[in-house]
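*Asks:* fold the stuff below for me.
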Amino acid sequence: MRAIRFFGMLLLVPATAYAGDKIEPLNVKAGLWEVTTTTNPPSGKPTIPAEQLEKLSPEQRAQVEQYLKSRASQPAKTRIAKHCLTEEDVKKTLFDDLPQNASCHRTVITSTSHESTVRETCMEQGQNLSLLYHVTALDAENVKGEFKSENSGESNWSVSGEFTAKRIGAMCEKTERDESDRK
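*Replies:* Modelled structure (predicted):
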């Protein structure tokens, strides 16, 4: 679940990096952005920790196991979302809105006005989760990036994907904020 929240934040706010004393946001403009994200099916075998499985009814457990099996055989999923990026958003770092977690450590690998690479590692419930994000501002109105999440411990799996974002308008209407379509 933490990875999903983090992916969401990566795609919905300007990609900047937390670099201790040095934070350099990507050179992007405020306005209405369209973000296209393609997430590949997980590789490896995702599992649910035993203590969480014990809380499920036999029917729920069967549904979860069936979902995990079916997800691995599905094609990559593409999501298109529109997001209003405000002047305030442009000045925020990627991590401003994320809750701090003592079990995680963030490392900035690259932080320039054109490129950000960040790794986050977390240890939760006996699982080691590693998240890597690389984002490039092609210009002030076009961004591309890739991400990879690897989980090791009781469950060994990885998920990867890529995204592009393009500014499609200077102004946003309230009704346009965070609209989504699924392909």
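*Asks:* pLDDT below threshold where in this structure?
*Replies:* 1-23, 45-49, 72, 92-101, 154, 174-183 (pLDDT under 70).
*Asks:* who does the longest helix that it contains touch, helix- and strand-wise?
*Replies:* Once the chain is assigned using DSSP state H, the helix that runs over the most residues is helix 58-72. Where contact means 3 or more Cβ pairs under 8 Å, 6 or more residues apart in numbering; DSSP states H and E, helix 58-72 is packed against strand 43-45. No exception for glycine: its C-beta is placed from N, CA and C like everyone else's.
*Asks:* tell me, how many residues neighbour His83?
*Replies:* 20 (other Cβ atoms under 10 Å).
*Asks:* next, the buried residues of the longest helix of the chain.
*Replies:* Leu68 (16 or more other Cβ atoms under 10 Å).
*Asks:* quick one: name whatever helix or strand follows it.
*Replies:* strand 77-85 (DSSP states H and E).
*Asks:* only C-alpha atoms, please: export that following strand in PDB.
*Replies:* In PDB, the C-alpha atoms belonging to strand 77-85 read as follows (Å, rounded to 0.1, in the frame of the first residue of the first chain):
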ATOM      1  CA  LYS A  77      -2.100  -1.500 -17.300                       C
ATOM      2  CA  THR A  78      -2.200   2.100 -18.600                       C
ATOM      3  CA  ARG A  79      -3.900   4.900 -16.700                       C
ATOM      4  CA  ILE A  80      -4.400   8.400 -18.000                       C
ATOM      5  CA  ALA A  81      -5.200  11.200 -15.400                       C
ATOM      6  CA  LYS A  82      -5.500  14.900 -15.600                       C
ATOM      7  CA  HIS A  83      -4.000  16.900 -12.800                       C
ATOM      8  CA  CYS A  84      -4.000  20.600 -12.000                       C
ATOM      9  CA  LEU A  85      -0.500  21.600 -11.000                       C
END
